[in-house]
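> What follows is a predicted protein model with its sequence.
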Amino acid sequence: MAKITMEVLEETLKKYNIENNYDNFIFGYKLSKLIGFADMQIFGIGKNSIILLPVTALGALENEKPEILKFFDEIEGFELKKGLLSHTLIISFLDGKKLKYKINKFVIPYPWHNESVKRLLDKE
């Protein structure tokens, strides 16, 4: 798995002229029964938006522009539900749809993930 540091995340935001107003970055995934990890993302959670940074199967950032979801324009909010082995990130859209991603409690090579999960759960 490639190591994605905070510096790499900050460089990616600069590359696409995105303001770095994201307090927390967490790594999430959806499982596929056929191939294992089907959809991996890094979520940057800020005061007014959530940014989605796609991750390749080898664990590197995709070389494409991140998607930004704005609160109250596209998304209603998000919730991080606690679980025994992992947590679930639920992003609720204004049209009633929801995105659900598994969030590990700890990801060893990503200390920024571990700190963000702790901060987000402490807010509840």
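Everything's here; your move. Numbers count the residues shown, from 1 in each chain.

> And the pLDDT for residue 121?
According to the prediction, residue 121 has pLDDT 91.

> scratch that, residue 109 is what I was asking about
Model confidence at residue 109 (pLDDT) stands at 87.

> and if you look at the one 4 residues further on?
Model confidence at residue 113, given as pLDDT, is 95.

> mind checking the SS state of it?
Each residue gets one of three states, and residue 113 gets helix by DSSP: H, G, I helix; E, B strand; the rest coil.

> That one: neighbouring residues, count only.
A count of nearby residues for residue 113, using other C-beta atoms under 10 Å, gives 23. For the C-beta atoms, the positions are set from N, CA and C on the backbone; glycine is no exception.

> before we move on, what about the one 3 residues further on?
In terms of burial, residue 116 registers 22 neighbours under the definition other C-beta under 10 Å.

> got the contact list for it?
23, 24, 25, 26, 45 (C-beta atoms under 8 Å, 6 or more residues apart in numbering).

> so what's the backbone phi/psi at residue 106?
phi -140, psi 140 (degrees, to the nearest 10).

> Sketch out the low-pLDDT regions of the chain for me.
Scanning the chain with the threshold set as pLDDT under 70 gives 1, 32-37, 124.
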